[in-house]
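> Here is my input, please return the structure:
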Amino acid sequence: MRLPDEPDSYGEINIVPMIDIIFSILAFFIISSLSLTRSEGLSVDLPSAKTASVKQTEQINITIKPDGNLFLNRQPIALEGLQPSLTQMIPSGNESLVIVNADEKVDHGSVVQVMDQVRQVKGAKLAIAAKKINQN
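All right, here's what the predicted structure looks like:
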């Protein structure tokens with residue numbers, strides 16, 4: 001119920017707080033997207049050369065499951081067949097990156113045996129996969 005001497009008041013929408021919130025969200029997304037870029041090295045301006053070429057390296061994955069089963073590019077393989085298979089997969093004169101994905105519960109000796117087999121193959125560059133820990 002309205003009193004007769006009460007003035008008519010009209011509602012108004014104040015958009016200034018809404019603009020502040022939108023800019024805050026925008027700033028959050030810009031800052032968080034900067035951490036998504038992967039910069040592992042120093043940025044430099046590389047010189048140009050007429051004979052420059054892109055070097056493609058093939059990636060080969062070796063997986064060791066917790067039960068000790070071995071897989072070469074998702075195909076089961078025995079430890080004794082690993083070296084000949086890698087030699088067949090890596091063409092002569094080329095290099096390939098061989099990544100060992102071993103479960104943390106795998107025996108250390110099994111990983112060393114696989115690494116030893118990989119090191120005996122010419123052109124195989126060995127890498128071990130690990131999760132990166134975020135240090136906040």
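> now the helices: where do they sit in the chain?
Listed in chain order, the helices of the chain (DSSP state H) span residues 16-34, 82-89, 108-119.
> what's the closest of those to residue 63?
Across those, the minimum distance to residue 63, taken as C-beta to C-beta, is reached by helix 108-119, at 9.9 Å. To be clear about C-beta, it is placed using only N, CA and C from the backbone, and glycine gets the same treatment.
> report the angle between the axes of that closest one and helix 82-89?
Taking axes from the mean of the first three to the mean of the last three C-alpha atoms, to 10 degrees, one finds that helix 108-119 is oriented at 30 degrees with respect to helix 82-89.
> quick one: buried residues of helix 108-119?
111, 114, 115, 117, 118 (16 or more other C-beta atoms under 10 Å).
> circling back: distance to residue 125 and mean pLDDT for the helices of the chain - can I get that in a markdown table?
Output for the helices of the chain, formatted as a markdown table (distance: least, C-beta to C-beta, whole Å; pLDDT from 0 to 100):
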| stretch | distance to residue 125 | mean pLDDT |
| --- | --- | --- |
| helix 16-34 | 31 | 89 |
| helix 82-89 | 12 | 89 |
| helix 108-119 | 9 | 91 |
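> Count the residues that sit near residue 106.
For residue 106, the neighbour count with other C-beta atoms under 10 Å is 19.
> quick one: it from residue 62, how far?
Spatial separation of residue 106 from residue 62 under the definition C-beta to C-beta, to the nearest Å is 12 Å.
> just residue 81 next, same as before
Residue 81 is 12 Å from residue 62, where distance means C-beta to C-beta.
> ok, now residue 15?
Shown here: residue 15 relative to residue 62, a distance of 59 Å by C-beta to C-beta.
> same deal with residue 80?
14 Å.
> quick one, which of these two is more surrounded?
Taking neighbours as other C-beta under 10 Å, residue 80 and residue 62 compare with residue 62 leading, 24 against 8.
> thought the more buried one was touching residue 98?
Yes. Counting by C-beta atoms under 8 Å, residue 62 sits close enough to residue 98 to count as a contact (6.3 Å).
> Give me the common contacts of those two.
Taking C-beta atoms under 8 Å, 6 or more residues apart in numbering as the contact rule, the neighbours common to residue 62 and residue 98 are residue 118.
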